[in-house]
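Participant: Using only what follows, build the 3D model:
(one chain, ligands or ions: 1)
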Amino acid sequence: MSDNFLNDEIFSNFEKSEKIFIETENSQYSFKKFNQLCNKIANFLLVSKIKANDRVLVKLEKSVICLAIYIATIRAGCIYIPVNTSYTPSEIDYFIENSQPSLFIANYESIKNISNKNIKTAQLENDLSGPFLEKIKSQKNIFEPIKRDKDDIASILYTSGTTGRSKGAMLTHNNLVSNTKSLFKIWKFSDNDILLHALPIYHIHGLFVAFNICLFSGAKINFLEKFELETVIKKLSKSTVMMGVPTYYTRMLQSQKLNHLLTKNIRLFISGSAPLLAETHKEFESKTGHKILERYGMTETNMNTSNPYDGERKAGTVGFPLPGINVRITNPKNGEKLGVDKIGMIEIKGDNVFSGYWKMKKQTNNSFTKDGFFVTGDLGKFSSDGYLSIIGRDKDLIISGGLNVYPKEVELLLDQNPNVKETAVIGVPHRDFGEAVVAIIVADNKKNLEIEIMNSIKNKLANFKKPKKIIFISELPRNAMGKVQKQRLRNIYKNLFD
Ligand code: AMP
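Facilitator: Next comes the predicted model:
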């Protein structure tokens, strides 16, 4: 036994098993074969002189190799930092500057574009060619994991920054272990399960919630590179659990093929990362007979609450706090604890809660109360029978297609155009994306300004953050304190995409 906490508690159960663990369109990995791949990569890290606590920054398309890099990084005692592949070079430069990684693994294009040329890199192309795999091949397939304790950092996940800068949430070995074990138990996972995995793996949902549970329980993964409706529909009959964001469910509802028969082998549909409309919940049940189980979590806290497996799954709620996790509602103005049915700030305490933002002491301190609760920025309320509902977001976070967009970051870029006087970026309801990014702009009347603005942000923002529509108005609505009234704007434009 190596005393690498996460490895020993979660990853070591099935490592010698010949049982199929991951199946893709054109490959199959047993637990044993996957374990050996992880060990080869861990040995590569070791010979590349990547030491315990070093950061490994990874910008790769979804693949089994990418999953193995995650496990290898943990075994080598390092800190795993996956980032969304749609980030632009300037966004990657920021992550490099902030996290100071010892290794950056990405494709040639991404490596070529980074400003810091001193950083060690490993190249893996989207089609899985490139020198990285060549170097892995010659490594030994056994590896003694490096010692790591419960409170050591396992991963840093970047959230989108409320002030334009992303914050790196430090997740410890124990954060991940405690949450995996809780979810495994309440969602009744076993090695008979087959998870349909269409989520991205740079985010807490697809990486830690989905993947860690399968490693721990011995479940098989039907691994899809992305959510593609026809493939998902095809794989449903061969799976027992599906995890998704609400957009997946609205898209599935558009398929004529979705019905009771197609989903008869599924024992659980789970949704999270953004609000699932009660309407979607109902429609899905009437078409398939399944009540989607909605849960609530975030990068900084892993999963916090879940609707029950056996009890009533209430549409429009995110269920009960997970065992051992303390969830309370407080008055955002004075921190006073609020009772049943009162809307307030959701605050969380438990083994699931991260240990702070990497190199951001001030932001970390501001995010915790004196008695150690994390202030989520989400507003919610408890019903008298203990179900939590999320009412809105204190911070004006937009969730588009399950991905977070902080308006401030987009606004700062739009404001750079000399003809733009002021901007307000909001999320408005959108059938497909849940919410779509819309920019409301006050500007000088100039021909082709919209095209000019869109061109200027083309290479600076990931696609999911770019406005789906720009609206020019003469003045932004403000309150007496001078604050832009975004809620009013959201109301005005709520039917924009109807
Ligand atoms: P992320 O850090 O990307 O996982 O985003 C976390 C945010 O997503 C939370 O703070 C919530 O605002 C939102 N969120 C996650 N799950 C749900 C849910 N089931 N219902 C409503 N909002 C959710």
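Participant: pretty sure L37 contacts A68?
Facilitator: Yes - at 4.5 Å, L37 counts as touching A68 under the criterion of Cβ atoms under 8 Å. Every residue, glycine included, has its C-beta placed from N, CA and C.
Participant: count of residues packed around the closest residue to V437 other than its chain neighbours?
Facilitator: Setting aside the residues directly before and after it, V437 is nearest to P467 in space (Cβ to Cβ, 6 or more residues apart in numbering), at 4.9 Å. For P467, the neighbour count with other Cβ atoms under 10 Å is 23.
Participant: Tell me if I am right that P467 is in a strand.
Facilitator: No - applying DSSP: H, G, I helix; E, B strand; the rest coil, one finds P467 to be coil, outside a strand.
Participant: what's the spacing between it and S474?
Facilitator: Per Cβ to Cβ, to the nearest Å, P467 is found 19 Å from S474.
Participant: repeat for L157
Facilitator: For L157, the distance to S474 (Cβ to Cβ) stands at 41 Å.
Participant: Only C-alpha atoms, please: export the longest helix seen in the chain in PDB.
Facilitator: In the chain, with assignment by DSSP state H, the single longest helix is helix 31-47. Taking Å, rounded to 0.1, in the frame of the first residue of the first chain, the C-alpha atoms of helix 31-47 are listed here in PDB:
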ATOM      1  CA  PHE A  31      -9.300  -2.000 -15.700                       C
ATOM      2  CA  LYS A  32      -6.000  -3.800 -15.900                       C
ATOM      3  CA  LYS A  33      -5.100  -2.300 -19.300                       C
ATOM      4  CA  PHE A  34      -6.200   1.200 -18.200                       C
ATOM      5  CA  ASN A  35      -4.200   0.800 -15.000                       C
ATOM      6  CA  GLN A  36      -1.000  -0.100 -17.000                       C
ATOM      7  CA  LEU A  37      -1.500   2.900 -19.300                       C
ATOM      8  CA  CYS A  38      -1.800   5.200 -16.200                       C
ATOM      9  CA  ASN A  39       1.400   3.700 -14.800                       C
ATOM     10  CA  LYS A  40       3.300   4.200 -18.000                       C
ATOM     11  CA  ILE A  41       2.300   7.900 -18.000                       C
ATOM     12  CA  ALA A  42       3.200   8.200 -14.300                       C
ATOM     13  CA  ASN A  43       6.700   6.800 -15.200                       C
ATOM     14  CA  PHE A  44       7.000   9.300 -18.000                       C
ATOM     15  CA  LEU A  45       6.200  12.100 -15.500                       C
ATOM     16  CA  LEU A  46       8.900  10.700 -13.200                       C
ATOM     17  CA  VAL A  47      11.600  10.500 -15.900                       C
END
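Participant: Can you tell me what sits against that helix?
Facilitator: Contacts of helix 31-47 from elsewhere in the structure, counted by Cβ atoms under 8 Å, 6 or more residues apart in numbering, are 14-19, 21-22, 29, 56, 64-65, 67-69, 71-73, 75-76, 78, 103, 122, 135-137, 139-143, 145, 218.
Participant: From those residues, list the buried ones, please.
Facilitator: Buried subset of the contacts of helix 31-47 (neighbour count, 16 or more other Cβ atoms under 10 Å): 14-15, 21-22, 29, 56, 64-65, 67-69, 71-73, 75-76, 78, 103, 122, 135-136, 139, 143, 145, 218.
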